[in-house]
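Novice: any chance you can model this:
(one chain, ligands or ions: 1)
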Amino acid sequence: MTAALMLELRDVGKSFELHHQHGARLDVLRGLDLRLHAGECVVLSGPSGAGKSTLLRVIYANYRASFGAVHVRHAGRWLDLARAMPHEVLDVRRHTLGYVSQFLRVIPRVPALDIVAEPLLQAGMDEREARQRAGNLLHRLNVPERLWLLPPGTFSGGEQQRVNIARGLIVRRPILLLDEPTASLDAANRDVVAQLLAEARADGSAVLGIFHDEDMRDRVATRLFPMQALEAA
Ligand SMILES: Nc1ncnc2c1ncn2[C@@H]1O[C@H](COP(=O)(O)OP(=O)(O)OP(=O)(O)O)[C@@H](O)[C@H]1O
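Specialist: Numbering: from 1, shown residues only. Below is the predicted model of the structure:
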């Protein structure tokens, strides 16, 4: 059986208007077509400045595509995120599309355990079970228990990144976008993340990510999607 198509980009383009340069336009993405199926992990590759992070942000609708369509399979139908209403984008993010960036957005005074448990609470799980699961995942990611009840503002870069990964992976979303989630991790923790991603794929999640570390890329990618900066194209 062929795996379900989860995400389809058609002729996607993105330009930025540079207001501080008298409205000059910077074309970053042009004519991109990409299909992502359940269970695969596509890794965006290409030099710095090729537009890899921009593409993930366009898909997550942080940036609106300047051209083309970003179709996601959401709640049994197709929705074009390039044209979706804000409430539809929020609904897609809550149920279908997860995004793990390189950095944790630290919320003042909220302990790590609650930051990780929050997506489960939003999904309606009771507090005890949500915290239990958050603890299990933090434990797998080697975040020491003495840190769980502290806000992560003072954690090391790698500890913050692991809290971020735990928050991003604790709810199984059908599509997962990853922007360098392992950049500050040591080899042992990269192993854990590779294992968590394999589990997500085995459960049917479709993964699209950026991994600069070649070893990590080789381990997690089922396919590469090469990109290059437009001036060099
Ligand atoms: N909000 C923005 N406004 C203007 N230019 C932007 C904006 N976001 C990204 N860019 C530009 O788009 C280009 C691509 O950036 P992007 O971060 O997507 O590249 P990348 O391939 O992810 O690079 P790296 O591998 O270094 O992270 C860069 O020239 C960047 O300056």
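Novice: what segments of the chain are strands?
Specialist: Assigned by DSSP state E, the chain shows strands spanning 5-18, 24-37, 41-45, 67-74, 77-80, 97-100, 175-179, 206-210, 223-226.
Novice: average model confidence for the third one?
Specialist: The average pLDDT for strand 41-45 rounds to 97.
Novice: can you list the weak-confidence ranges in the chain?
Specialist: Scanning the chain for pLDDT under 70 picks out the ranges 1, 231-233.
Novice: which strands and helices lie in contact with the top helix by length along it?
Specialist: Ranked by residue count and defined by DSSP state H, the top helix of the chain is helix 187-202. Under the contact definition 3 or more C-beta pairs under 8 Å, 6 or more residues apart in numbering; DSSP states H and E, helix 187-202 sits against helix 157-169, strand 175-179, strand 206-210, helix 214-220. In short, each C-beta sits where N, CA and C put it, glycine included.
Novice: now with 10 Å?
Specialist: strand 41-45, helix 127-140, helix 157-169, strand 175-179, strand 206-210, helix 214-220 (3 or more C-beta pairs under 10 Å, 6 or more residues apart in numbering; DSSP states H and E).
Novice: now render these as JSON lines, adding distance to the ligand and mean neighbour count.
Specialist: Shown next, in JSON lines, are the helices and strands packed on helix 187-202 (distance: least, C-beta to the nearest ligand atom, whole Å; neighbours: other C-beta atoms under 10 Å):
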{"stretch": "strand 41-45", "distance to the ligand": "8", "mean neighbour count": "21"}
{"stretch": "helix 127-140", "distance to the ligand": "27", "mean neighbour count": "17"}
{"stretch": "helix 157-169", "distance to the ligand": "16", "mean neighbour count": "23"}
{"stretch": "strand 175-179", "distance to the ligand": "8", "mean neighbour count": "23"}
{"stretch": "strand 206-210", "distance to the ligand": "6", "mean neighbour count": "23"}
{"stretch": "helix 214-220", "distance to the ligand": "13", "mean neighbour count": "16"}
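Novice: could I get the ones you listed as CSV with distance to residue 13?
Specialist: Output for those, formatted as CSV (distance: least, C-beta to C-beta, whole Å):
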stretch, distance to residue 13
strand 41-45, 16
helix 127-140, 38
helix 157-169, 27
strand 175-179, 19
strand 206-210, 18
helix 214-220, 26
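Novice: which one, of those, ends up nearest to residue 106?
Specialist: Nearest to residue 106 among the helices and strands packed on helix 187-202 is helix 157-169 (7.3 Å), distances taken as C-beta to C-beta.
Novice: and the helices and strands packed on helix 187-202: which comes nearest residue 27?
Specialist: strand 41-45 (17.7 Å).
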